[in-house]
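Undergrad: got a predicted structure plus its sequence, pasted below:
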Amino acid sequence: MSFRILVFFLMVTPLMAQYPAPKITVGPERISMHDYLTVTVTVYGPDYALDDFPELAGFERGKRTVAHSETQIDGRKTELHTITKYYSPIEGGEFIIPPFEIEVNRGMIRSEAARIIVEDDEEGYADLLIDIDDADFVVECSKKEIFVGEGVKIRLSFYSSAKNTVNWQFPKDIGDQVEALARKIKPENSLESRNIISSIGQREEYIKGVKYFVYDLFEAVYYPLNNHNMTIPALTLRMNKGENRSAPLNSKPRVIRVKELPAHPLRDKVPVGTFRLKENMQGGEDKLTGESFNFGITLEGQGNMDVLNFGKIENDKTLDFFESGVRLQQEGGKLAGSKVFNYKILPKVAGDYDLGSYFSLIYFNIKTARYDTLMARWKIRVTGSTIVSKNNLVKDIYTGIDNLRTDKNEFNARSFLRVFANFILIFMVMTLIYIWKKK
């Protein structure tokens, strides 16, 4: 009996060790008042038992969903369980979610602290004072006039008054209808950022004191590339009235005025919106030649974050710059977002340097209707011997990065040891089985 237990233990132990630990994810980092904050617990393996989710200050707990799937871990299929809790923001502002614990499979897992920004209704819609029938198909626009390059949100929704007694239902072809409507409303010569609505949810809205149940069907942000007005024609949505009776609902046409940007040498190249710049730097302002340091810049605000760019920062006789990563955070159909730029900077010559002379961004501010410039504010003081050749250069993790080859396969020791350990275990099991049969 002891021999069988030993064999079982040798065969099961490597499988048990391959399950990653459960983890908690809180996000997204930036939401609007109409969005949800989610707390997601990911559990690997065949079993999962989960305690309740915590209360979060500034948010109201909502529904809980569970999804099951399979994933590959070290070449083996493993069950993956994703449990998500939805939280509705109660008010706008910045919230610090402290670390919390959730019991999973009789063990406690701990989250990391999270900083959540809830945007006030700055992404709201301008048409909420329009007349709406008891049941209506409405095309909403966040702004009635915009500049070239400025984003405007357009949403298609079905409104039903709380007093409405008709049993309205979505037909089976509602998805095909929405796609056809999306093609009709998309303005020519514009960029589109679409919010993919996978399931139609219900929310409440009060318009002129009347309560409505609202079902959003489509939402996207459009950035015009020229000064041609955006014209949205009258659209028709076919709904079911009762079980089988089809009834058309017609929207009202919309026109969004597009204004040309003021004259400027970079008028056709500058980003348009409202942006702010934040920066962080490793260590203080005192630096040494030959020792690189990390420098990060975050651009956040409202606009097309994808077009925000500092371009290539050129090296000079005093400083070398290496871009170590760019991270874009802007969900489809959202005006708000952020973009993070990370750099490695290597001082070569002693002196005082203003990083704003290297990192600056010209943009058009839609709130002031003027061109503006965002600049880094950090200044550094460099001391040490001048680096005149590679022989004098203090070795840095980015030294020789331009000559780094990525097409050559390197030896992976960890992978080799894992394969070798599995081979030894299998060999031991086979040997024990052979000895046991001999006896």
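TA: It's in.

Undergrad: gap between Lys278 and Gly296?
TA: Distance, Lys278 to Gly296, by CB to CB, to the nearest Å: 9 Å. All C-beta spots, glycine's among them, are computed from the backbone N, C-alpha and C.

Undergrad: pLDDT score for the nearest residue to Leu191 once chain neighbours are set aside?
TA: Nearest residue to Leu191, sequence neighbours excluded (CB to CB, 6 or more residues apart in numbering): Tyr223, at 4.3 Å. If you check Tyr223, the pLDDT there is 97.

Undergrad: tell me, how many residues neighbour Tyr223?
TA: When neighbours are counted by other CB atoms under 10 Å, Tyr223 registers 23.

Undergrad: hey, C-alpha coordinates of the helix or strand hosting it in PDB?
TA: Using DSSP states H and E, the element containing Tyr223 is strand 210-224. Extracted as PDB, the C-alpha positions of strand 210-224 are listed here (Å, rounded to 0.1, in the frame of the first residue of the first chain):
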ATOM      1  CA  VAL A 210     -40.100  61.500 -16.600                       C
ATOM      2  CA  LYS A 211     -38.400  58.200 -15.800                       C
ATOM      3  CA  TYR A 212     -37.300  56.100 -18.800                       C
ATOM      4  CA  PHE A 213     -35.700  52.700 -19.200                       C
ATOM      5  CA  VAL A 214     -32.900  53.000 -21.700                       C
ATOM      6  CA  TYR A 215     -31.300  50.300 -23.800                       C
ATOM      7  CA  ASP A 216     -28.100  51.300 -25.600                       C
ATOM      8  CA  LEU A 217     -27.600  49.600 -28.900                       C
ATOM      9  CA  PHE A 218     -24.600  51.400 -30.400                       C
ATOM     10  CA  GLU A 219     -21.900  53.900 -29.200                       C
ATOM     11  CA  ALA A 220     -18.800  55.300 -30.800                       C
ATOM     12  CA  VAL A 221     -16.600  58.300 -30.900                       C
ATOM     13  CA  TYR A 222     -15.800  60.000 -34.200                       C
ATOM     14  CA  TYR A 223     -12.900  62.400 -34.900                       C
ATOM     15  CA  PRO A 224     -13.500  64.400 -38.100                       C
END
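
Undergrad: tell me the mean pLDDT over the helix or strand following that strand?
TA: Counting by DSSP H and E, the next helix or strand C-terminal to strand 210-224 is strand 230-232. Taken as a whole, strand 230-232 has an average pLDDT of 94.

Undergrad: can you give the distance from strand 230-232 to the centre of its chain?
TA: Computed by CA atoms, centre = their mean, to the nearest Å, the chain-centroid distance of strand 230-232 equals 29 Å.

Undergrad: buried ones in that strand, by neighbour count?
TA: The neighbour-count check on strand 230-232 (16 or more other CB atoms under 10 Å) flags 230, 232 as buried.

Undergrad: which stretches in the stretch 251-400 of the chain count as strands?
TA: Counting by DSSP state E, counting those that start in this stretch, the stretch 251-400 of the chain has these strands, from start to end: 254-259, 272-281, 286-288, 293-303, 319-329, 336-347, 351-354, 360-365, 370-375, 379-383.

Undergrad: picking up where we left off before, higher neighbour count, Lys278 and Gly296?
TA: Gly296 (16 against 12).

Undergrad: am I right that that one is in contact with Tyr343?
TA: Yes. Counting by CB atoms under 8 Å, Gly296 touches Tyr343, with 7.2 Å between them.

Undergrad: re earlier: can you work out which other helices and strands pack against the strand holding Tyr223?
TA: strand 152-161, helix 174-185, strand 190-195, strand 202-207 (3 or more CB pairs under 8 Å, 6 or more residues apart in numbering; DSSP states H and E).

Undergrad: for Gly284, find the nearest of the ones you listed.
TA: strand 190-195 (39.2 Å; CB to CB).

Undergrad: reformat the helices and strands packed on strand 210-224 as a markdown table; add mean neighbour count, mean pLDDT and distance to Phe321.
TA: Output for these, formatted as a markdown table (neighbours: other CB atoms under 10 Å; pLDDT from 0 to 100; distance: least, CB to CB, whole Å):
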| stretch | mean neighbour count | mean pLDDT | distance to Phe321 |
| --- | --- | --- | --- |
| strand 152-161 | 21 | 94 | 36 |
| helix 174-185 | 14 | 95 | 42 |
| strand 190-195 | 16 | 94 | 29 |
| strand 202-207 | 12 | 85 | 47 |
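
Undergrad: in JSON lines, list those along with distance to Glu60.
TA: Listed next are the helices and strands packed on strand 210-224 as JSON lines, based on distance: least, CB to CB, whole Å:
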{"stretch": "strand 152-161", "distance to Glu60": "22"}
{"stretch": "helix 174-185", "distance to Glu60": "29"}
{"stretch": "strand 190-195", "distance to Glu60": "22"}
{"stretch": "strand 202-207", "distance to Glu60": "13"}
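
Undergrad: strand partners of the strand holding Tyr223, parallel vs antiparallel please.
TA: The strands beside strand 210-224 in its sheet (DSSP bridges) come out as strand 152-161 (antiparallel), strand 190-195 (antiparallel), strand 202-207 (antiparallel).

Undergrad: what's the first helix or strand after the first one?
TA: This means strand 152-161. Toward the C-terminus, strand 152-161 is succeeded by strand 168-169 as the next helix or strand (DSSP H and E).

Undergrad: from the centroid of the protein, which residue is nearest?
TA: Gln329 (4.3 Å; CA atoms, centre = their mean).

Undergrad: quick check: bridge partners of that one?
TA: Where Gln329 sits in a bridge, its partners, by DSSP bridges, are Ser338.

Undergrad: Ile117 is in contact with that one, correct?
TA: No. Applying CB under 8 Å, one finds Gln329 not in contact with Ile117, separated by 10.9 Å.

Undergrad: overlap of the contact sets of these two?
TA: 29-30 (CB atoms under 8 Å, 6 or more residues apart in numbering).

Undergrad: if we can go back for a sec, buried residues in the strand holding Tyr223?
TA: 212, 214-224.

Undergrad: just to revisit the earlier point, mind putting the strands of the stretch 251-400 of the chain into JSON lines with distance to Leu425 and mean pLDDT?
TA: Below are the strands of the stretch 251-400 of the chain laid out as JSON lines (distance: least, CB to CB, whole Å; pLDDT from 0 to 100):
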{"stretch": "strand 254-259", "distance to Leu425": "67", "mean pLDDT": "95"}
{"stretch": "strand 272-281", "distance to Leu425": "47", "mean pLDDT": "91"}
{"stretch": "strand 286-288", "distance to Leu425": "50", "mean pLDDT": "93"}
{"stretch": "strand 293-303", "distance to Leu425": "42", "mean pLDDT": "92"}
{"stretch": "strand 319-329", "distance to Leu425": "39", "mean pLDDT": "92"}
{"stretch": "strand 336-347", "distance to Leu425": "42", "mean pLDDT": "92"}
{"stretch": "strand 351-354", "distance to Leu425": "58", "mean pLDDT": "96"}
{"stretch": "strand 360-365", "distance to Leu425": "57", "mean pLDDT": "96"}
{"stretch": "strand 370-375", "distance to Leu425": "58", "mean pLDDT": "95"}
{"stretch": "strand 379-383", "distance to Leu425": "54", "mean pLDDT": "95"}
